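**Q** Need the 3D shape of this:
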Amino acid sequence: MSFKIMTLTDTAAERVAEIIEDSDEPVIGVRVGVKNAGCAGMAYTMNYVTEAVAGDDHVEDKGVHVYVDPKATLFLLGTVMDFEESKMTSGFTFKNPNQTGECGCGESVQLKQADLKALAEARAS
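**A** Residues are numbered from 1 along each chain as shown. As a prediction, the model looks like this:
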C-alpha cells in the first residue's frame, strides 16, 4: 500500500475537474506547493499543470491529478485539500497536520516539516 502525500475531498476533486474542463489551454491537473509569504511565514501555492514536471510528486485521487512541488512535500504530508464556498469567498483550503499556526487574516500559515519517523511508525502498527 503506497502512502499519498495529499488526499482530496469530493468537493476539491470536483472543482479541480471543473478547472481542467473550463481551461482555455490543455490542463492535466494542478500543482500545489508552498512559498515564503505573509506574516506567518508561508503560503500555499496552486497553478495549472499543462505537462508533468520531472521530479514532482504525483497524486491521483478521485479521478484528478495533483502534482506536488518536491520542495513542499515534507510540509504537505498528510494534508487534505478541500474546496469551500461561502457568500463572501470561495477557494481551496488545506487541512494540514504540519500546520502550527496562521496569521489573523488567513493569508499565510506556519508549517513544520512532517515527522517521517512518526509516520513510519504509524504505518507499521
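
**Q** For Val68, which non-adjacent residue is spatially closest?
**A** Counting by CB to CB, 6 or more residues apart in numbering, Val68 lies nearest to Asp57, which is 4.2 Å off, once chain neighbours are set aside. Any C-beta I mention is one placed from the backbone N, CA and C, and that applies to glycine too.

**Q** and what of Lys62?
**A** Ala13 (3.6 Å).

**Q** That neighbour in helix, strand or coil?
**A** Judged by DSSP: H, G, I helix; E, B strand; the rest coil, the three-state class of Ala13 is helix.

**Q** Count residues in the vicinity of the residue nearest to Val68, would you?
**A** Taking other CB atoms under 10 Å as the criterion, the count of residues near Asp57 is 17.

**Q** likewise Leu8?
**A** Burial of Leu8, expressed as a neighbour count using other CB under 10 Å, amounts to 25.

**Q** Next one: it relative to Asp61, how far apart?
**A** For Leu8, the distance to Asp61 (CB to CB, to the nearest Å) stands at 5 Å.

**Q** Contacts only, for the residue nearest to Lys62.
**A** Taking CB atoms under 8 Å, 6 or more residues apart in numbering as the contact definition, Ala13 lies against 61-64.

**Q** Tell me where the chain has strands.
**A** For the chain, the strands defined by DSSP state E occupy 6-8, 29-37, 41-49, 57-61, 64-68, 79-85, 90-95, 99-102, 109-111.

**Q** In TSV, list those along with mean pLDDT and distance to Glu18.
**A** Compiled in TSV, the strands of the chain are given as follows (pLDDT from 0 to 100; distance: least, CB to CB, whole Å):
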stretch	mean pLDDT	distance to Glu18
strand 6-8	94	13
strand 29-37	90	11
strand 41-49	88	13
strand 57-61	93	15
strand 64-68	94	10
strand 79-85	93	9
strand 90-95	90	12
strand 99-102	75	26
strand 109-111	69	25
